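Undergrad: One predicted model, sequence on top.
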Amino acid sequence: MKVFVPYKYMIKALCLSLFLLLTSCNSTKSVVNVEAMSELETVLNTRNYRVDIRAVFPFNTAATQQVINNVLTNRVGNTTSRIDVVGDGFFMAFNDSIAKAYLPYYGEQQLIGGRYGGNDMGVEFNATPEKYNISKHKRKDAYVIKFEVKDEEDRQESYKITMTVFPNYNTEILILSSHRTANNYRGILKPCETGETAL
């Protein structure tokens, strides 16, 4: 004798199973995100970490595109909007109350400063950051750090810096200069062990 099971009961059971599966996955994901965000917050509050820069994203104008194209002739795979700098030693680091950076720069000088026409046109500083603020990102699982600092070589030039750090330690850095066009950087944050210094 065959047992007849109405389709509507099968569909309800399938929907309920699917719902339970999805909600259990979401709850696991949210627990993982909460733990990762908490760990990231702890790392950032130590102010003892280093971001190794992997790529630069210049703010492009027609003039900078022509110049960058000439500079990139020996760098395979790069474009004027994304320049790979993995292994070139560029970084931004924090050690307690000091911020230090050694970054490449691709763009236009807008105001003449002490570095105009010099050999080293990168972004460099080694100073106590001003207006330092850390907060959770409004829409993403990430923390946002904002601060201002003066250029190490040219004290007339200052930078407004916004770092967005994700739980997987991927980091985006936007640098707005008082004298030059903006650059975006991407890198990986590396926390320092106890007793180890980032600088």
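TA: The structure has been received and is ready for your questions.
Undergrad: for this protein, what's the longest strand?
TA: The strand that spans the most residues within the chain, counting by DSSP state E, is strand 48-58.
Undergrad: So which elements touch it?
TA: Helices and strands touching strand 48-58, as assessed by 3 or more C-beta pairs under 8 Å, 6 or more residues apart in numbering; DSSP states H and E, comprise strand 83-84, strand 91-95, strand 170-177, strand 183-191. To be clear about C-beta, it is placed using only N, CA and C from the backbone, and glycine gets the same treatment.
Undergrad: Can you give the contact residues for that strand?
TA: 43, 64, 68, 80-86, 88, 90-96, 103-104, 106-107, 163, 171, 173, 181, 183-192, 196-198 (C-beta atoms under 8 Å, 6 or more residues apart in numbering).
Undergrad: Go ahead and build a ChimeraX selection from the buried members of those residues.
TA: Selecting only the buried entries of those in ChimeraX, with 16 or more other C-beta atoms under 10 Å as the criterion:
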select :43,64,68,80,83,84,85,90,91,92,93,94,95,103,104,106,107,163,171,173,181,183,184,185,186,187,189,191,192,198
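Undergrad: Show me where this protein has its strands.
TA: 48-58, 83-84, 91-95, 98-103, 123-127, 130-136, 143-150, 158-165, 170-177, 183-191.
Undergrad: Now tell me which helix or strand of this structure has the poorest mean pLDDT.
TA: helix 62-71 (a mean of 62; mean pLDDT, DSSP states H and E).
Undergrad: returning to what we had before: would you turn the strands of the chain into CSV with mean pLDDT?
TA: Shown next, in CSV, are these (pLDDT from 0 to 100):
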stretch, mean pLDDT
strand 48-58, 94
strand 83-84, 88
strand 91-95, 94
strand 98-103, 94
strand 123-127, 91
strand 130-136, 94
strand 143-150, 95
strand 158-165, 96
strand 170-177, 96
strand 183-191, 96
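Undergrad: between those strands, which gets nearest to residue 11?
TA: Of all those, strand 130-136 sits nearest to residue 11, with 41.1 Å by C-beta to C-beta.
Undergrad: List the contacts of that closest one.
TA: 37, 44-45, 142-149.
Undergrad: top of these by neighbour count?
TA: residue 149 (23 neighbours; other C-beta atoms under 10 Å).
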